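Visitor: no FASTA, just this:
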């Protein structure tokens, strides 16, 4: 059972008055229900209950003043269990980042009000977090080949139950759906703008029919496990990592030509190389040459990573995953292209395994396929940098005092200022630029 | 078919069995001259005489021991323990002798004995006279334990118990004696028996399985009816037999509904529900959409005071709450 205590509702609050109880002893209560109104030094606020159960006992009557932390009521938790599970938290271990977009670009995808706070436990990249789901739900999800992390749970404590899985399946999510040309890794339209720059592959965004409560003005939707993890990790990232951003514009004219050649005559077993593959390879080489960018800030020390593992952000229904390509410095572009394609396919169909999204040391996020000119991404903890890639656009630029038309692409690197400094990043970007503008250097 | 009381059915069945088989005889406190503290054996002394209907001293260990001896030499005693609370005095005889003699004597003799005894509370008989100890016996290899919930099952199970060659604990309930139910006319009922070890689906449903026995079965059925009005379809399984337990019927039901609640009058810890919940998670794990809840009486010695007694005993309200917690709906 759970003790409901007087919460600290403002930073100056030391005690509160129970203005009125909105539930009586013996009333069943659901997560998110308002138990009572509390008067603080500033305003009257609501006291919410965080688990399902029954309001067993009211210990403090209306009108009484109690200090912060004092127990005011007892809720007998759902299921007869003596301890109620903390809401949510168990979710994808994916190192995940939001596609943060500054002014020029459209706002980020819709996220909805979380009904309960997510517990504070910080997950490391290496530890997998379980999705809370009933055995039946697990079995069905496995049979239907759905990723449990993308399904919002309506059961107690956010548990995914059979109805949730069935509804998710019925809405058509999880299936691979044909996307407009640029989406696929193998996209290969000619370089005439808008050039399809590959990745975050986007299946049509059809929100899973998460359980909702509706009034005339708002609709409250529960978060899937993955969404909860994204929310938590990125908040942590922005709150703890001092971000700074450095941008440059790369001339991709030569890279476009190289890619065309690479894809002109594909052999058996080879897949088309995308621009993103070229960017990933460039990052792989650059990270090997500048290991300080392949370094984490951890527990007050620098942790230099021996492998160059680059995560690529992929948009999936109800979430965002960053599958990781390992040892990008050692693999050729064709190998990377093949592996990337396989990973994105798994991501789209909800079949990623924990080992697919663990172990990253650097991330790349590409919104070029949406014609985004440039943006700033949020660093994926515990990494210390992430590269945001914009669209390749034909532009008029001045070269040797002449105006010429070239293919240009913006790169913006977000970096952790505890580990990396402006000059380092500028040099890193310079390396990327030089590799991409002389793309044969990517081949060996 | 006739509507009869549970008590009446027991009385008729005992008489019928004693007529059918001259080795069947009765022993117990107050069963003869006084006609039984709950009048189950009314008229039987007159009908069958003192050799077949034996009043005993208040000495459970002694007369259960005597019954065991009688059973070993070929008689078929049906012993009444006034309430299950007193069975504890005879526990050594039941546990260490009745249950084990067949095994330890290498099958040379059986113990075809029935112990009839009512359990349960709700009559303000207070802590030492209101217990539900049947689970203790359900735990013991060598014994059988049955618990009919209505007159029809009582007749069929009593016949099976008396005709069974193993020691059978026949669990009745004080609150059931006056309960009524339909039974076939005695002379024309085909001498039906109900196999020991077979549960029955008393009400079909699709959203949740409620498992119960004895008095709790009628509580479960009432609640199921009420839940129907709320759009929750409950399947009610009446165990009828605690040992052996009909796990197949329970599992098949849960495979259909994916949710289960056990309603038991005994205490929750280490009780009947614990066995059923463990069995379900073991054998129907992938079918469970929610944890198996157990609704049982509060773990206190049962109070005498009526409001406290009502609060402490498992009842319809607790069952309803458990059902609502288990059948969560996407709204």
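Guide: Here it is on my side, so go on. What you are looking at is a predicted structure, and each value in this text was computed from that prediction instead of being measured. Numbering: from 1, shown residues only, chains lettered A, B, ... in the order given.
Visitor: quick one: low-confidence residue ranges for the chain.
Guide: Picked chain A for this. For chain A, the stretches with pLDDT under 70 are A:1, A:11-12, A:41-42, A:78-129, A:173-215.
Visitor: oops, wrong one, chain B.
Guide: B:329-331.
Visitor: quick one, strands of it?
Guide: B:2-5, B:24-28, B:53-55, B:76-80, B:114-119, B:144-146, B:168-173, B:180-183, B:200-203, B:208-212, B:234-238, B:241-243, B:260-267, B:293-297 (DSSP state E).
Visitor: quick one, which of those strands is packed in tightest?
Guide: Between the strands of chain B, strand B:208-212 has the highest mean count of neighbours, a mean of 29, where neighbours are mean count of other Cβ atoms under 10 Å in any protein chain shown. No exception for glycine: its C-beta is placed from N, CA and C like everyone else's.
Visitor: that one and chain A, are they touching?
Guide: No. Among the residues of strand B:208-212, none lie within reach of chain A under Cβ under 8 Å from any Cβ of the partner chain; the closest is 12.5 Å away.
Visitor: show residues contacting that strand.
Guide: B:149, B:219-220, B:223-224, B:232-239, B:250, B:253-254, B:256-257, B:259-264, B:273, B:276, B:319, B:323, B:326-327 (Cβ atoms under 8 Å, 6 or more residues apart in numbering or on different chains).
Visitor: cutoff 7 Å now
Guide: B:220, B:224, B:232, B:234-239, B:250, B:253-254, B:257, B:259-264, B:276, B:323, B:326-327 (Cβ atoms under 7 Å, 6 or more residues apart in numbering or on different chains).
Visitor: and the end-to-end length of stretch B:103-113?
Guide: Separation of the first and last residues of stretch B:103-113 by Cα to Cα, to the nearest Å is 15 Å.
Visitor: contacting residues around the spatially most central residue of chain B?
Guide: Centroid-nearest residue in chain B: residue B:147, 1.9 Å away (criterion: Cα atoms, centre = their mean). Applying Cβ under 7 Å, 6+ apart, we find residue B:147 in contact with B:134, B:171, B:213-214, B:239-240, B:242.
Visitor: ok, those vs residue A:141, which is closest?
Guide: residue B:239 (33.2 Å; Cβ to Cβ).
Visitor: counting neighbours, which bits of stretch A:346-353 end up buried?
Guide: Neighbour counts over stretch A:346-353 (16 or more other Cβ atoms under 10 Å in any protein chain shown) mark A:346-350, A:352 as buried.
Visitor: quick one: which of those residues sit in strands?
Guide: Per DSSP E, the buried residues of stretch A:346-353 never map to strands.
Visitor: so which of these is the closest to chain B?
Guide: Of all the buried residues of stretch A:346-353, residue A:350 has the smallest distance to chain B: 19.6 Å, by Cβ to the nearest Cβ.
Visitor: hmm, back to that, dump the strands of chain B to CSV, plus distance to residue A:54.
Guide: Formatted as CSV, those follow (distance: least, Cβ to Cβ, whole Å):
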stretch, distance to residue A:54
strand B:2-5, 37
strand B:24-28, 44
strand B:53-55, 50
strand B:76-80, 41
strand B:114-119, 29
strand B:144-146, 33
strand B:168-173, 28
strand B:180-183, 35
strand B:200-203, 26
strand B:208-212, 18
strand B:234-238, 20
strand B:241-243, 30
strand B:260-267, 16
strand B:293-297, 13
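Visitor: which residues does the spatially closest residue to residue A:72 that is not a sequence neighbour contact?
Guide: Spatial nearest neighbour of residue A:72, chain neighbours left out: residue A:60 (4.3 Å); criterion: Cβ to Cβ, 6 or more residues apart in numbering or on different chains. Residues in contact with residue A:60 (Cβ under 7 Å, 6+ apart) are A:18, A:66, A:72.
Visitor: can you give me the strands in the stretch 1-150 of chain A?
Guide: A:2-5, A:15-21, A:28-29, A:34-39, A:44-48, A:53-58, A:65-67, A:71-77 (DSSP state E, counting those that start in this stretch).
Visitor: make CSV out of the ones you listed and add mean neighbour count and distance to residue A:433.
Guide: Putting the strands of the stretch 1-150 of chain A into CSV (neighbours: other Cβ atoms under 10 Å in any protein chain shown; distance: least, Cβ to Cβ, whole Å) gives the following:
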stretch, mean neighbour count, distance to residue A:433
strand A:2-5, 17, 56
strand A:15-21, 18, 58
strand A:28-29, 20, 59
strand A:34-39, 19, 56
strand A:44-48, 16, 52
strand A:53-58, 20, 59
strand A:65-67, 13, 60
strand A:71-77, 20, 58
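Visitor: do you know which of the ones you listed lies nearest residue A:377?
Guide: Comparing the strands of the stretch 1-150 of chain A by Cβ to Cβ, strand A:44-48 comes nearest, at 33.5 Å.
Visitor: other residues contacting that closest one?
Guide: A:7, A:9, A:19, A:32-38.
Visitor: equivalent analysis for stretch A:434-443, please.
Guide: A:250-252, A:254-255, A:258, A:278, A:281-282, A:285-286, A:333.
Visitor: go through those and flag which are in helices.
Guide: Among the contacts of stretch A:434-443, the members found in helices (DSSP state H) are A:254-255, A:258, A:278, A:281-282, A:285-286, A:333.
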